[in-house]
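Enquirer: Quick check, what structure comes out for this input:
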Amino acid sequence: MRSPSYPSPNHAVQGAPQITLGAYNPTSAASNTHLVTLNGIHVTVVSKTNPAAVLGTFDLENCIASPNARVPSHVAWDYRGNTWVFSVLGQASAGHHVLCIYVGITANVFGAYNGYSYNMSSGTLNSTDYMRMAIWREAYAFTFDGLGNDLCVWDFTNATFFCGASFNSGPLQWAPMTAAEGEMPDRNVASAASPTAGAVFFRAIDDEYESNATTPTVDFIEVEHWYGINFNASTYNAWRYLIPVADFIKSPLLGVPTPDVQTLNAQSAVLMNRINFIKQRNATVLTLTSNSSVVFWFELVWAKPSPSAAELWMLAQQGNISVAASGNSAFLPTASMDTNGTIVLAMAISGESTYPSLYMTSRLANDPLGQMRNLTMLASGQIGSTFSTGGSNWGSYWSVTTDPSGPRTFFVTGQVSLIASDGWSGRVFRVRVLGETIRRIWRAQDTCGQEVTCDQFIVAS
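Expert: Predicted coordinates for the structure are as follows:
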């Protein structure tokens, strides 16, 4: 029996009343033992059981001129390599951008790292913004802003890049997928038909906006799925898919209102920063903002459409969350799924009477298809922005991280605006989504032969 509380929130939240992780697009990742956040070059190691407890901090070796700039940076846990990986894209000097990659020598997050740097101002690698990183066995997939060759893989063994011209490319479009849990295949099976046997990239296409199409009731998720990657020859094969989804509106979110005179800039119809593949379910979940007040989410699966067909990427379910009735804007959604099919989705909400705040929702696998539960506020903002009137690009790298050591446990990392020296605060919350509430009714006879009834509610573990 479905929980009688549906669609009420069904989770417990544990987080710091105020933990400042910096103002530089915080993101995080979890291993079996640690939760690690990254802001620019600043690393914070947080307790998995209590995100209010900071276990230690350190800075990566600086490869950029202004480590306090809001630079694109990522942290990930490499399950196969049993190590931490960081990447930072920044400006080393005027007109000279570099990509720095740090790979742990051991599993100890406080241990030593091998560092690599790449010139991003000329040649194949030519980008100054919006880097994204994902991991599969012994290699890392990257996407960048507006490159002619904007889909790339980095060969960890040889410390070399090679890139491919994406199909129907565009700026700020592609996002790579990483394995959220479990081990990925060996290279010698990289030609196998498996999402984790290569690099998989996603982008959202509003065909009316991008190609003047006349399909106002449908848009698309595009998938580019690399396989048969040969690192020595810098070659690969690719499948490409266009998956029809509900129609969304792609337009820049410029000047998102706040109660103050300052406004915010955000992205619209751009897929979230971190896309996680759940191997046990052959599934992933994607999010984007449509127009200014609706968040769309999509669950995609790698499955056979019929018993005799080959596997392909297809839509399992989709839904949306609108805050239009409250007069607010919703933006920067991000989500993840666990092995049970539980989904946690976080987003920012701001408006003329709402300071930029962090919200979340969730669903269990047996909740009605296409439905999320009611929104819950995780952290309330206190000011609009400390940046100049006319917009501040804010919070592009938020993440929801699945805890690999336990189902239905997630870590939400985002930002709120606080009355502080720089106005921004990175926040981390541990979210435990409760199991389905089941009603159990049974009848029996006591020792005197009298019939008794037990009516109880239990929560699945």
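
Enquirer: and Glu208, which of the three is it?
Expert: What DSSP: H, G, I helix; E, B strand; the rest coil gives for Glu208 is helix.

Enquirer: Leaving out sequence neighbours, find the closest residue to it.
Expert: Of all residues not flanking Glu208 in the chain, Pro216 sits nearest, at 6.4 Å (Cβ to Cβ, 6 or more residues apart in numbering). Where C-beta positions appear, they are placed from N, C-alpha and C, glycine not excepted.

Enquirer: is it true that that neighbour touches Asp247?
Expert: Yes: the pair Pro216 and Asp247 qualifies as a contact (Cβ atoms under 8 Å) at a distance of 6.2 Å.

Enquirer: More neighbours: these two, which one.
Expert: The neighbour count for Pro216 versus Asp247, taken as other Cβ atoms under 10 Å, is higher for Asp247 (16 against 9).

Enquirer: what's the spacing between Ala134 and Arg274?
Expert: Distance, Ala134 to Arg274, by Cβ to Cβ, to the nearest Å: 8 Å.

Enquirer: neighbour count winner among these two?
Expert: A direct count of neighbours by other Cβ under 10 Å for Ala134 and Arg274 places Arg274 higher, at 27 against 24.

Enquirer: from what I can see that one touches Met337, true?
Expert: No: look at Arg274 against Met337 with Cβ under 8 Å: they stay out of range, at 12.0 Å.

Enquirer: With just CA atoms, put the helix or strand harbouring Glu222 into PDB.
Expert: Using DSSP states H and E, Glu222 sits in strand 218-230. Provided in PDB are the C-alpha atoms of strand 218-230 (Å, rounded to 0.1, in the frame of the first residue of the first chain):
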ATOM      1  CA  VAL A 218       7.900  18.100 -28.200                       C
ATOM      2  CA  ASP A 219      11.600  18.800 -27.700                       C
ATOM      3  CA  PHE A 220      14.500  16.400 -27.400                       C
ATOM      4  CA  ILE A 221      17.300  15.000 -25.300                       C
ATOM      5  CA  GLU A 222      20.300  14.300 -27.600                       C
ATOM      6  CA  VAL A 223      22.700  11.500 -26.600                       C
ATOM      7  CA  GLU A 224      26.200  11.000 -28.100                       C
ATOM      8  CA  HIS A 225      27.500   7.600 -26.900                       C
ATOM      9  CA  TRP A 226      31.100   6.800 -27.600                       C
ATOM     10  CA  TYR A 227      32.400   3.300 -27.600                       C
ATOM     11  CA  GLY A 228      35.300   1.400 -29.000                       C
ATOM     12  CA  ILE A 229      37.600   4.100 -27.900                       C
ATOM     13  CA  ASN A 230      41.200   3.600 -28.900                       C
END
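
Enquirer: who does that strand pair up with?
Expert: Strands flanking strand 218-230 in the sheet, each with its direction: strand 200-205 (antiparallel), strand 235-246 (antiparallel) (DSSP bridges).

Enquirer: what would the ones you listed look like in a markdown table with distance to Leu264 and mean pLDDT?
Expert: Conversion of the strands paired with strand 218-230 to a markdown table gives the following (distance: least, Cβ to Cβ, whole Å; pLDDT from 0 to 100):
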| stretch | distance to Leu264 | mean pLDDT |
| --- | --- | --- |
| strand 200-205 | 21 | 88 |
| strand 235-246 | 26 | 89 |
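
Enquirer: so which of those strands gets nearest Lys279?
Expert: strand 200-205 (12.4 Å; Cβ to Cβ).

Enquirer: one step back: most packed of the strands paired with strand 218-230?
Expert: strand 200-205 (a mean of 26; mean count of other Cβ atoms under 10 Å).

Enquirer: gap between that one and the chain center?
Expert: Distance, stretch centre to chain centre, for strand 200-205: 13 Å (Cα atoms, centre = their mean, to the nearest Å).

Enquirer: so what's the closest residue to Ser292 other than its chain neighbours bridging to?
Expert: Of all residues not flanking Ser292 in the chain, Ser329 sits nearest, at 4.6 Å (Cβ to Cβ, 6+ apart). For Ser329, the beta-bridge partners under DSSP bridges are Ser350.

Enquirer: now Leu286
Expert: Listed beta-bridge partners, Leu286: Phe298 (assigned using DSSP bridges).

Enquirer: Find the centremost residue of this protein, please.
Expert: In the chain, the centroid-proximal residue (Cα atoms, centre = their mean) is Arg274; its distance is 3.0 Å.

Enquirer: Kindly state the pLDDT recorded for that one?
Expert: Confidence at Arg274, expressed as pLDDT, is 84.

Enquirer: Which residues are in contact with it?
Expert: Neighbour list for Arg274: Thr27, Arg132, Ala134, Ala175, Thr178, Thr334, Ser336, Ser399, Val400, Thr401 [criterion: Cβ atoms under 8 Å, 6 or more residues apart in numbering].

Enquirer: same thing but at 10 Å, please
Expert: Counting by Cβ atoms under 10 Å, 6 or more residues apart in numbering, Arg274 touches 27-29, 74, 76, 132-134, 175-178, 180, 334-336, 397-401, 413.
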